[in-house]
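Visitor: next comes the sequence, and after it the predicted model I'd like to discuss.
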Amino acid sequence: MKRIPVVIVAGFLGAGKTTMLNHLLRTRSGLRIGVVVNDFGAVNIDAMLVAGQVDGAVSLGNGCMCCTVDDDGLDATFASLVKPRAGLDLIVVEASGLAEPRNLIRMVAGSDNPRIEYGGLLYLVDARNYAETRQQHPRIDQHLGLADLVVLNKTDLTDSGEVDRARALIRSANAGAPIITTRDAVVDLALLADLDTAPRDDDAAPRQLGLDELLADDEGDDHCGHLHHDYQSVSFTAAAPMNPRALAAFLEQPPPGVFRIKGFAYFEVPRYRRKYVVHTVGNYVSVHTQPWAPDESRGTQLVVIGAGIDEAEVRAALEKARADDVMDTQSMLSITRYER
Ligand SMILES: Nc1nc2c(ncn2[C@@H]2O[C@H](COP(=O)(O)OP(=O)(O)OP(=O)(O)O)[C@@H](O)[C@H]2O)c(=O)[nH]1
């Protein structure tokens, strides 16, 4: 029986994991892909952003799955995905931006399910924020060291010098994994199919860490060092419309410690009634629109993630950004200027 490869997609907050997953799903040309999506916040925004285009999906919300799944690891999740009827060719596990890849690899490689096999780790790097993130979180180097393929993304937001510097830093953490540069995480699906057997850039050198060593190594059990211990998330939901100017001001200058905001917003402004998907990563804001699903209730759902954030302050700022009056169309400029 052919086993279904399970590829783990990891990378720090906002690196482009969901963007890549959506690209793969759009271009899968006949291949059947199952996904496991894990979000840090209580509202599973990532699962909503990939909904509707996937052949089988399991969403594990509210916490990094490296620590929050139970003793069976991901076994129940895989069991529900690999039913022969689903006929999957590939399973992609999108880790939360703060998850520990080593633990995830253990869960997949150590699974008792005879229908799956570990298919490798793809690690996404945000070229714009990488140097700073690495300085803040030296542990990222360990994550990168486990990768079978590194995708250096967001090259449009940096100059070539910065891309070269990021490449050199990645190389110092991982001697052999191929590094590809991308914009909007456009990765060829074929690359994922043979991730763990693809030729490495240092063919002569041994792998930094063999899978057996990895599974035996106790270092990954040191939960204290996990990135998510330093971070909090605040989820905000509102059925009433938002004030575009006030929400834009929040996205541009969020309370101290906030690094990532994602979700969607509802504005009751003539001609601007579509669903506004909003993202911030560091100080970069981006917005795009999509239609509401026919049965979807209008409303705003945002997840705000950061280190040392004051939940009450975040919540109060978002409450203040609700529209308390009829909004003029001019006010939407403050949001639409970030449309990509
Ligand atoms: N300019 C630019 N924006 C990008 C690129 N790739 C992704 N983005 C944007 O970056 C933001 C975050 O992308 P996501 O795909 O949601 O990132 P993620 O890694 O899934 O984020 P988390 O799950 O929160 O860790 C979104 O606004 C994307 O549209 C890129 O290459 N260039």
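Guide: Okay, I see it.
Visitor: how about the strands in the stretch 1-150 of the chain?
Guide: Here the stretch 1-150 of the chain has its strands, by DSSP state E, counting those that start in this stretch, at 4-11, 33-38, 56-60, 90-94, 116-126, 149-153.
Visitor: name the helices or strands packed onto the longest one?
Guide: So that's strand 116-126. On a contact count with 3 or more CB pairs under 8 Å, 6 or more residues apart in numbering; DSSP states H and E, strand 116-126 meets strand 4-11, strand 90-94, helix 101-109, helix 140-145, strand 149-153, helix 189-193. (Each C-beta comes from the backbone N, C-alpha and C, glycine too.)
Visitor: worst average pLDDT in the strands of the stretch 1-150 of the chain?
Guide: When the strands of the stretch 1-150 of the chain are ranked by mean pLDDT, strand 56-60 comes last with a mean of 70.
Visitor: show the contacting residues for whichever residue of the stretch 51-200 of the chain sits closest to the ligand.
Guide: Nearest residue of the stretch 51-200 of the chain to the ligand (CB to the nearest ligand atom) works out as Gly97 at 2.6 Å. Counting by CB atoms under 8 Å, 6 or more residues apart in numbering, Gly97 touches 11-15, 17, 40, 260, 305.
Visitor: any chance of these in a markdown table, plus distance to Ala239 and neighbour count?
Guide: Below are those laid out as a markdown table (distance: CB to CB, whole Å; neighbours: other CB atoms under 10 Å):
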| residue | distance to Ala239 | neighbour count |
| --- | --- | --- |
| Gly11 | 33 | 28 |
| Phe12 | 32 | 24 |
| Leu13 | 27 | 21 |
| Gly14 | 27 | 27 |
| Ala15 | 32 | 27 |
| Lys17 | 29 | 26 |
| Phe40 | 24 | 27 |
| Arg260 | 24 | 22 |
| Ile305 | 23 | 26 |
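Visitor: now, which of those lie close to the ligand?
Guide: 11, 13-15, 17, 260 (CB under 6 Å from any ligand atom).
Visitor: in helices, which of the residues you listed fall?
Guide: Under the assignment DSSP state H, those contribute Lys17 to helices.
Visitor: what does stretch 291-309 contact?
Guide: 13, 39-43, 45, 48, 52, 97, 230-239, 241-242, 254-266, 274-275, 278, 314, 318.
Visitor: in CSV, list the C-alpha atoms belonging to it.
Guide: In CSV, the C-alpha atoms belonging to stretch 291-309 read as follows (Å, rounded to 0.1, in the frame of the first residue of the first chain):
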residue,chain,number,x,y,z
PRO,A,291,-17.2,38.1,-1.4
TRP,A,292,-19.1,37.0,1.7
ALA,A,293,-20.2,33.4,1.3
PRO,A,294,-24.0,33.2,0.6
ASP,A,295,-24.9,32.0,4.1
GLU,A,296,-22.2,33.9,5.9
SER,A,297,-23.2,36.5,8.6
ARG,A,298,-21.6,39.9,8.2
GLY,A,299,-19.2,40.7,11.0
THR,A,300,-15.6,41.3,12.0
GLN,A,301,-13.2,38.6,13.4
LEU,A,302,-9.6,39.5,14.2
VAL,A,303,-6.8,37.8,16.0
VAL,A,304,-4.1,40.0,17.5
ILE,A,305,-0.8,38.2,18.4
GLY,A,306,2.2,39.6,20.2
ALA,A,307,4.7,39.3,23.0
GLY,A,308,3.9,41.1,26.3
ILE,A,309,0.7,42.6,25.0
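Visitor: in strands, which of the contacts of stretch 291-309 fall?
Guide: Judged by DSSP state E, those include 231-238, 258-265, 275, 278 as members of strands.
Visitor: does the closest residue in space to Arg340 that isn't next to it in sequence have beta-bridge partners, and which?
Guide: Once flanking residues are discounted, Arg340 sits nearest to Ser286: 5.3 Å by CB to CB, 6 or more residues apart in numbering. Taking DSSP bridges as the rule, Ser286 bridges to His279.
Visitor: surely Ser286 is in contact with Lys262?
Guide: No. With contact defined as CB atoms under 8 Å, Ser286 does not reach Lys262; the gap is 10.1 Å.
Visitor: of the two, who's got more company?
Guide: Each of Ser286 and Lys262 has its neighbours counted (other CB atoms under 10 Å); Lys262 has more, 25 against 14.
Visitor: so the more buried one sits right up against Val285, yeah?
Guide: No. In this structure Lys262 lies outside contact range of Val285 using CB under 8 Å: 11.2 Å.
Visitor: quick check: neighbours shared by those two?
Guide: 278-279.
Visitor: which parts of the chain sit against the ligand?
Guide: Counting by CB under 6 Å from any ligand atom, the chain comes close to the ligand at 11, 13-19, 46, 97, 153-154, 156-157, 183-185, 260, 262, 279, 281, 286.
Visitor: what sits against the closest residue in space to Arg315 that isn't next to it in sequence?
Guide: For Arg315, ignoring the flanking residues on the chain, the nearest one in space by CB to CB, 6+ apart is Val234 at 6.2 Å. Contacts for Val234 (CB under 8 Å, 6+ apart) come out as 41, 303-304, 309, 311, 314-315.
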